[in-house]
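>>> how does the following fold in three dimensions:
(chains A and B)
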2 protein chains.
Amino acid sequence: MNESNSEKRDTFGNKIDLRVHYARGQILVDSHHEALRAGHARELLRERMQEQGTDSIYDFTGSPCEFPIQKDDLNLPISEVPGGAYFESELISSALQHLGGRDDDKAAVFNRTSAGITATILALSERGKTLVSITSGSPSHPSIKRAAALAGNNFVEVYCTTDLAAAIADTNCNLVVITGVTSELTLMENQEFIEAIRVAKQSGCIVFVDDAYGARVRTILMNQRPAIKEGADISITSVQKAGLCGPRAGLLVGRAKLVEAIASRASEIGLEARTPLVVAVLRALQQFEPEKLNSEVRAGDSLYKHVSKLLGGENINQTLLGPTISEDSLLKITMSRASIAKLKSGIVPAEASAGLGMLMLSNHGIITVNAVGSPGGRVSLRLKTSEEELLRFGGAIMVETALNDSINKLCRYINNSMAMQELILGPMAVKES
Amino acid sequence: MNESNSEKRDTFGNKIDLRVHYARGQILVDSHHEALRAGHARELLRERMQEQGTDSIYDFTGSPCEFPIQKDDLNLPISEVPGGAYFESELISSALQHLGGRDDDKAAVFNRTSAGITATILALSERGKTLVSITSGSPSHPSIKRAAALAGNNFVEVYCTTDLAAAIADTNCNLVVITGVTSELTLMENQEFIEAIRVAKQSGCIVFVDDAYGARVRTILMNQRPAIKEGADISITSVQKAGLCGPRAGLLVGRAKLVEAIASRASEIGLEARTPLVVAVLRALQQFEPEKLNSEVRAGDSLYKHVSKLLGGENINQTLLGPTISEDSLLKITMSRASIAKLKSGIVPAEASAGLGMLMLSNHGIITVNAVGSPGGRVSLRLKTSEEELLRFGGAIMVETALNDSINKLCRYINNSMAMQELILGPMAVKES
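So this is what the prediction gives:
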């Protein structure tokens, strides 16, 4: 079992909501209030763009979601049906190349990686069966568990191949999902990854690799091979992550019959990517260079050095693509700076992190997931970007300054629940509540 | 009960597959083969564009799916997060205006109307409850029934408000879906539409109107009011249908709390529209004029006159937006022309219609749903387009000529199952099978 699953309370004694892996507070009560938080972040973003121009914002989410459609592309048939026909073969060959597909494999693009994962599980995992997931420790993407529920599957997650073999043997499982690199950038050892595929295949299961980050992190940074080349039946990657600068979308490659079944199920529900998005995905694949990922690694290193100098290395987790500061550490650091031993505001770590995200956004234009992310997303502060974007901001030293300033500002809010509520949800939401 | 639900066999004695409302054949055996059919149609489309240019194809699907992003828009922040913030308020006000939303209503855009319908039913219809659907006779969109299954709901469809009241009383229903205009363009009387909303509201149900076509057909052509103005809680429309020339997408408006719950559920699965698509939706709303729908009506009238002159009015169903020729009539007409009393090829009506679609596509560049449509879509021949597109093709007289030519060509295939298979699935699929 995963540590954070069995853990019940955070550093401050707040009860963890096991569905999202963090403690709910009195401001971020539930998904509804997280949606209000994201809405307020968009409002701040809009205000900043209006006042200081659209280049006054900086993407530190690690998922910049570009839309690499060029003006000339608008003269090509990029609309739904003609575009689907016009770009199909080019897309398939680029996709197979990117994900190491077999010659007779097929490819499909989905409206999001979560959409592709959902379609895959709905199409392939039979109702009443168990979906087994294996990662290297941190949880798999929430869409996997959610899709299993939607498909009427039990869901079991394991963290080593010994447990994988046991889980497959114990259940009526026909589909195994392997996450080589989680969204927290926890890495599975190459031998363990290969063994996981072997164990699952040997048991007659379909092997589906969630290579959202892994397709590039594993192959370019860890010298591993594409999942398909290791024997996976299907793999999916995120088009806007780890050096691939496309639109938010999921790119899936795998055995023709399986891809077709997945695409067909996706089309019933509306999970497939629209053609203009597919064209943008194609352009992103064509423009991809491993150097872009290396650039993100260097930017992440630089950010880590500055942030750990500022906040102390013991508070920072260094991932391959940049520093992560847990919500608990953030609140601890803020309380310490504000010389508060015990909060009377009832603020929980997720709220401290969201508040910090708002301050970094409104004062410095730094976009992070803890401000703009969807409900249920992770609430740690993560700083991931490219060297180009980092340079545009003024370098890691300026991020250090902005973070320092934002934590100082947060100190003034942290023990005032009304002020925190307005900071996180905006003045409108406070009026309504 | 719907006529086509209780009916078991088509005109030729073939057994109807009740899931799709037409008979399966030996070529179009199942969804897999329908996917191959659509793939072959895209291949023909691609070949034609390569050989004769991208303007050698003509959209007669009634869903032209334009992507009205202008070159200048590419200079605006249309990527995921900044674009979401930048265009949000403009989108909401345009959406509310288009769908007659209340001042405090919210709007959301989905990757397809089916995606919005799925998200709505998953978010609002509780597991174990019954989803009640009412239409004016022809079946509701298949995504409604599918979403009900996914949500763990029973599904009941009725065709009058008396049955609606009974269905609500008999079941534990909390969500009612009302389709004022079906995709076959069957219209519900205004009084019946209003009464359906009243009955459902009175029973405490949430009222969701599938106004895919209706949002414009009902209001502009039938002088009815927007669904929300009649008391519906939520309504959704297709952005690429009935005079609204946007990308394929679903636009939903309704009570803020409900829209937020739907958007939140959509975001978990990946059903929400990506930002570049949202911007295209906004542009389509801004460019919309009722005159565009009137133009489609005139084009449809003109097409109906020519097609009924060619094939006999008794074989044609005149819809508001153009002629529909049932798959059964198509096969009957073809057999009659070919002087075949009884087929020895085993071809079913859906296959005759698909074959005709391929011939119209490859020889004349006419795109119809029976060639390019997704598995499970309706298989009648429907001709819907704008006056502009019709003029570009050379007018309805040229469509008449093209249809006549294509039926003549189909005569040579219709009694040869191998030739029909290659026509519908392409030479590659024939080799594989």
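>>> those residues of the stretch 301-433 of chain A touching chain B, which are they?
A:I367, A:V372, A:S374, A:P375, A:G376 (CB under 8 Å from any CB of the partner chain). C-beta: built from backbone N, CA, C; applies to glycine.
>>> give me the neighbour count for the residue of the stretch 101-250 of chain A found nearest chain B.
As assessed by CB to the nearest CB, chain B sits closest to A:A115 within the stretch 101-250 of chain A, at 2.9 Å. Residue neighbour count, defined by other CB atoms under 10 Å in any protein chain shown, stands at 30 for A:A115.
>>> which residues touch it?
The contact partners of A:A115, by CB atoms under 8 Å, 6 or more residues apart in numbering or on different chains, come to A:G250, A:A266, A:L271, A:E272, B:N111, B:I269, B:G270, B:L271.
>>> now the strands: where do they sit in the stretch 101-250 of chain A?
With DSSP state E, counting those that start in this stretch applied, the stretch 101-250 of chain A shows strands at A:105-110, A:130-134, A:154-158, A:175-178, A:206-210, A:234-238, A:250-255, listed in chain order.
>>> list the contacts of the last one.
With CB under 8 Å, 6+ apart as the test, strand A:250-255 has contacts from A:95-96, A:98-102, A:105-117, A:120, A:208, A:212, A:228, A:232-239, A:259, A:262, A:273, A:281, A:285, B:270.
>>> also the fifth one?
Residues from elsewhere that reach strand A:206-210, judged by CB under 8 Å, 6+ apart: A:113, A:117, A:120, A:124, A:140-141, A:144, A:174-180, A:197, A:200-201, A:227, A:231-236, A:254, A:258.
>>> for A:A212, which non-adjacent residue is spatially closest?
If the residues on either side of it in the chain are set aside, A:A212 comes closest to A:S238, at 4.2 Å by CB to CB, 6 or more residues apart in numbering or on different chains.
>>> number of residues surrounding that neighbour?
Each residue near A:S238 was counted by other CB under 10 Å, and the total is 27.
>>> in this structure it contacts A:S63, no?
Yes: the criterion here is CB atoms under 8 Å, and A:S238 meets it with A:S63 at 7.2 Å.
>>> residues shared between the contacts of the two?
A shared contact of A:S238 and A:S63, defined by CB under 8 Å, 6+ apart, is any residue touching both; here these are A:R248.
>>> ok, back up a step: just send the strands of the stretch 101-250 of chain A back as TSV, with mean pLDDT too.
As requested, the strands of the stretch 101-250 of chain A are exported to TSV (pLDDT from 0 to 100):
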stretch	mean pLDDT
strand A:105-110	97
strand A:130-134	97
strand A:154-158	97
strand A:175-178	98
strand A:206-210	98
strand A:234-238	98
strand A:250-255	98
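>>> quick one: contacts of the helix or strand containing A:E422?
Assigned by DSSP states H and E, A:E422 belongs to helix A:417-432. The contact list for helix A:417-432 (CB under 8 Å, 6+ apart) reads A:26-28, A:33, A:36-37, A:39-40, A:43, A:345-347, A:351, A:354-355, A:358-359, A:412-414, A:433.
>>> pull the contacting residues for the nearest residue to A:T237 once chain neighbours are set aside.
Spatial nearest neighbour of A:T237, chain neighbours left out: A:A215 (3.7 Å); criterion: CB to CB, 6+ apart. A:A215 makes contact with A:H98, A:L99, A:P226, A:A227, A:S235, A:T237, A:A242 under the criterion CB under 8 Å, 6+ apart.
>>> may I see the PyMOL selection of the buried members of these?
Written as a PyMOL command, the selection of buried residues from the contacts of A:A215, which uses 16 or more other CB atoms under 10 Å in any protein chain shown, is:
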select buried, chain A and resi 98+99+226+227+235+237+242
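>>> neighbours around the closest residue to A:I325 other than its chain neighbours, how many?
The shortest distance from A:I325 to any residue other than its chain neighbours is 4.5 Å, reached at A:L381 (CB to CB, 6+ apart). Neighbouring residues of A:L381 were enumerated by other CB under 10 Å; the total is 28.
>>> thought A:L381 was touching A:G357?
Yes: proximity of A:L381 to A:G357 meets the contact threshold set by CB under 8 Å, at 7.1 Å.
>>> for A:Q52, give its distance to A:T368.
Using CB to CB, to the nearest Å, one obtains 18 Å as the distance from A:Q52 to A:T368.
>>> neighbour-wise, which of the two wins?
Between A:Q52 and A:T368, counted using other CB under 10 Å, the more crowded position is A:T368 (26 against 11).
>>> quick one: that one from chain B, how far?
Separation of A:T368 from chain B (CB to the nearest CB, to the nearest Å) stands at 10 Å.
>>> as a check, name the ranges of all strands in the stretch 251-400 of chain A.
For the stretch 251-400 of chain A, the strands defined by DSSP E, counting those that start in this stretch cover A:316-319, A:322-325, A:366-367, A:381-382.
>>> and the third one, what does it pack against?
What it means is strand A:366-367. Using 3 or more CB pairs under 8 Å, 6 or more residues apart in numbering or on different chains; DSSP states H and E as the contact definition, the elements that strand A:366-367 packs against are strand A:58-59.
>>> in contact with A:Y304, which residues?
Contact criterion CB under 8 Å, 6+ apart gives A:I316, A:Q318, A:G322, A:P323 as the residues in contact with A:Y304.
>>> which of the residues you listed has the largest number of neighbours?
For the contacts of A:Y304, neighbours were counted by other CB under 10 Å; the highest total belongs to A:P323, with 29 neighbours.
>>> tell me the pLDDT of it.
According to the model's per-residue confidence, A:P323 sits at a pLDDT of 97.
>>> tell me the bridge partners for it.
With DSSP bridges as the criterion, the beta-bridge partners of A:P323 are A:Q318.
>>> mind checking how far it is from chain B?
Between A:P323 and chain B the distance is 20 Å, computed by CB to the nearest CB.
>>> chain neighbours aside, what residue packs nearest to A:A352?
Per CB to CB, 6+ apart, closest to A:A352 is A:L331, 4.1 Å.
>>> how deep is that neighbour tucked in, by neighbour count?
Residues near A:L331, counting by other CB under 10 Å, number 27.
>>> hmm, A:I347 and it touching each other?
Yes: the criterion here is CB under 8 Å, and A:L331 meets it with A:I347 at 7.2 Å.
>>> shared neighbours, the two?
With CB under 8 Å, 6+ apart applied, the overlap between the contact sets of A:L331 and A:I347 consists of A:I414.
>>> any residue of whichever strand or helix holds A:E43 touching chain B?
A:E43 is located in helix A:31-52, with elements delineated by DSSP H and E. Yes: Helix A:31-52 comes into contact with chain B when judged by CB under 8 Å from any CB, the residues involved being A:S31, A:H32, A:A35, A:A41, A:R42, A:E43, A:L45, A:R46, A:M49.
>>> by mean pLDDT, which helix or strand of chain A comes out lowest?
Of all the helices and strands that make up chain A, the one with the lowest confidence by mean pLDDT, DSSP states H and E is helix A:3-6; it has a mean of 47.
>>> hang on, the earlier thing: between the contacts of A:Y304, which is closest to A:G128?
Nearest to A:G128 among the contacts of A:Y304, counting by CB to CB, is A:G322 at 41.8 Å.
>>> the closest one touches A:R382, doesn't it?
Yes: applying CB under 8 Å as the test, A:G322 and A:R382 come out as touching, 6.6 Å apart.
>>> anything in contact with each of those two?
Any residue near both A:G322 and A:R382 by CB under 8 Å, 6+ apart counts here, and that gives A:G62.
>>> which residues sit in contact with A:N223?
Remark: with contacts taken as CB under 8 Å, 6+ apart, A:N223 is in contact with A:N190.
>>> just A:E80 next, same as before
When the contact criterion is CB under 8 Å, 6+ apart, the partners of A:E80 are A:R274, A:T275, B:S63, B:C65, B:Q240, B:P247, B:R248.
>>> how about A:P349?
So, once contact is read as CB under 8 Å, 6+ apart, A:P349 ends up touching A:D10, A:T11, A:F12, A:N14, A:Y22, A:A23, A:S326, A:E327, A:D328, A:L330, A:L331, A:V379.
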